[in-house]
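>>> Fold the following and give me the result.
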Amino acid sequence: MLRLVGILISVLFAIVTAVLVWPQFFHLEGVFPVAQIIASRALMLGMLLVVAVLALLMMFARPLRGFAASILVIALLGAGATGAVGWLRGVSAGDLPGKTDAALRVLTWNTNGAAVPAERIARVIDEQQADIVALPETSEEVGERIAIRMRDAGRPMWVHHVNIRPEVANGPQAWQTTILISADLGPYSVITSSRDGSSNTGSVPSAVAMPVDGDGPTIVAVHAVAPRREAMAQWRADLSWIADQCPAGDFILAGDFNATLDHMASFGSGGGTMGQCRDAASSTGNGMQGTWPSAAPALLGAPIDHIMASANWRATGSKVLSDAGGSDHRALVVQLDPVG
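Residues are numbered from 1 along each chain as shown. Modelled structure (predicted):
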C-alpha cells in the first residue's frame, strides 16, 4: 500500500514539475495559481533544489529509498530544465554600449505613484541619456516637473499623459501613465482612444503616442493590471491588447507588463514576443533580472517590466538599474539601434 502511495505521489510531483517548468505546453501559463508561481524562475529553481536535498536525506531511510530516489530524479530534472531556460534568457546584470547618433535609449520605470521624486527621475533620465521614457503610475504634474529639469539640463522632452479617471480629483496615480519623448524625435501625440479609454488596457491605463508627421516609431507606454486572482480575465485581456499594439511596422513597447516571458508565450506572432515586437532584455543577455519587487535581489525577483521593439530595431544593450529610488519596481534601460 505504501509503495502505491509513493508511486502516486511521485507521478503527481512529476506532473506538477512539468507544468511549472513548461507551462506553455499545457496552456496553463495564464491560469491561477500557475501564473503566480512561475513569475520567478529563480525561486522555482530554489524550491526544486530544496526538494532534491530533502529527497537525498530521505534516501538514508531504507524503506523510503525508492520513493526518495524518484523524487530526487524528478526534482533534479526540473531544476536543470528551469536553470537552462533562465540561462538562455540571460542572468547578467547587463550593460549599455556607447550611444551612437542613430541609437535610441528607452527607459521604463513604474515609480509607484509619488514614491520617487521628479528630481530623482530626471537625474536618472539624464544619466542614462534616455530619449523615450515610459512612467506608469506617474502623474502629469510629476512629468512636467521632470520635463523642466530636462530642459534645464539641455535635453528638452515633450510630456504626454493619460488618466483613466480624470473626473476623480486626487485619484490614485495607478490610474495615470506618463510618457516623455525627446524633442529631437519631433512632435508626438497620444491617440484619442488612449485618452478616452475606448481602446486601452482595462484597470490601469496604457498610452499610444504616434509621431505627428508620421516619421518615427509609434510608442506604447504599457501598464497591464496585476494578475490577482479576481483580475485574471482582465489581465489576459490586457496582454492581448498590448500584443495587438505591435503589428507589422515601426513600434516600441515599454512599461509594466505585469507578465514575464512565460506568461507571454501565446501572444507573439512572426517571431515576436508580444505581437511582432521582441523583448530587448532577453535578447541582450539579462532577461532574468527581476524588476519587481525591488526589495528582493534582482535574480530572485520577477522580470515583469519590459522594453520591446519591432524588427526594424535591434537591441544592443540593456540593464536593470539596481537603485529603485523608493519604488517597488526597478527601472529598465535599453539601447535600440536601427537595423540596416
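>>> Can you show me the helices along the chain?
Ranges of helices in the chain, per DSSP state H, are 2-21, 34-37, 41-58, 65-89, 118-128, 140-152, 192-196, 232-244, 280-283.
>>> Tell me which of the ones you listed lies nearest to residue 100.
Among the helices of the chain, the nearest to residue 100 by CB to CB is helix 118-128 (15.1 Å). C-beta: built from backbone N, CA, C; applies to glycine.
>>> and that closest one with helix 140-152, angle?
Here helix 118-128 runs at an angle of 50 degrees relative to helix 140-152 (axes from the mean of the first three to the mean of the last three CA atoms, to 10 degrees).
>>> how about helix 118-128: buried residues?
Buried residues in helix 118-128, counted by 16 or more other CB atoms under 10 Å: 118, 120-122, 124-126, 128.
>>> Tell me which of the helices of the chain is the most buried.
helix 280-283 (a mean of 25; mean count of other CB atoms under 10 Å).
>>> which outside residues touch it?
Applying CB atoms under 8 Å, 6 or more residues apart in numbering, the contact partners of helix 280-283 are 89-90, 94, 106, 261, 273, 287, 289, 303, 306-309, 315, 318, 320, 332, 334, 336.
>>> I'd like to know how far the nearest residue to residue 327 once chain neighbours are set aside sits from residue 138.
Distances taken as CB to CB, 6 or more residues apart in numbering place residue 112 nearest to residue 327, at 4.2 Å, with adjacent residues excluded. Computed as CB to CB, to the nearest Å, the residue 112 to residue 138 distance reads 9 Å.
>>> What of residue 161?
Here residue 161 is placed at a distance of 9 Å from residue 138 (CB to CB).
>>> Residue 326 now?
Using CB to CB, we find residue 326 at a distance of 13 Å from residue 138.
>>> Next: residue 279.
Taken as CB to CB, the span from residue 279 to residue 138 is 23 Å.
>>> what do you get for residue 45?
Counting by CB to CB, the gap from residue 45 to residue 138 is 34 Å.
>>> now the strands for the stretch 101-250 of the chain?
Secondary structure of the stretch 101-250 of the chain (DSSP state E, counting those that start in this stretch): strands located at 104-108, 132-136, 157-163, 176-182, 188-190, 207-211, 218-223.
>>> and residue 147, which of those strands is closest to it?
Closest approach to residue 147 among the strands of the stretch 101-250 of the chain is made by strand 157-163 (4.8 Å; CB to CB).
>>> That closest one pairs with which strands?
Here strand 157-163 has these sheet partners by DSSP bridges: strand 176-182 (antiparallel).
>>> tell me the angle the partner strand makes with strand 132-136.
170 degrees.
>>> if we can go back for a sec, and the helices of the chain: which comes nearest residue 219?
If we rank those by CB to CB, the stretch that ends up nearest is helix 192-196, at 11.1 Å.
>>> Could I have the CA atoms of the closest one written out in CSV?
Written as CSV, here are the backbone C-alpha positions of helix 192-196 (Å, rounded to 0.1, in the frame of the first residue of the first chain):
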residue,chain,number,x,y,z
THR,A,192,-7.8,59.6,-28.9
SER,A,193,-8.6,56.0,-28.0
SER,A,194,-5.9,56.1,-25.3
ARG,A,195,-7.3,59.3,-23.8
ASP,A,196,-10.9,58.3,-23.7
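>>> and it, how far from the chain's centre?
How far helix 192-196 lies from its chain's middle: 24 Å, per CA atoms, centre = their mean, to the nearest Å.
>>> Need the contact partners of it.
Counting by CB under 8 Å, 6+ apart, 162, 198-200, 205-208 sit against helix 192-196.
>>> So which of these wins on neighbours?
Neighbour counts for these, by other CB atoms under 10 Å, peak at residue 206, which reaches 28 neighbours.
>>> from what I can see that one touches residue 178, true?
No - using CB atoms under 8 Å, residue 206 is not in contact with residue 178, being 11.6 Å away.
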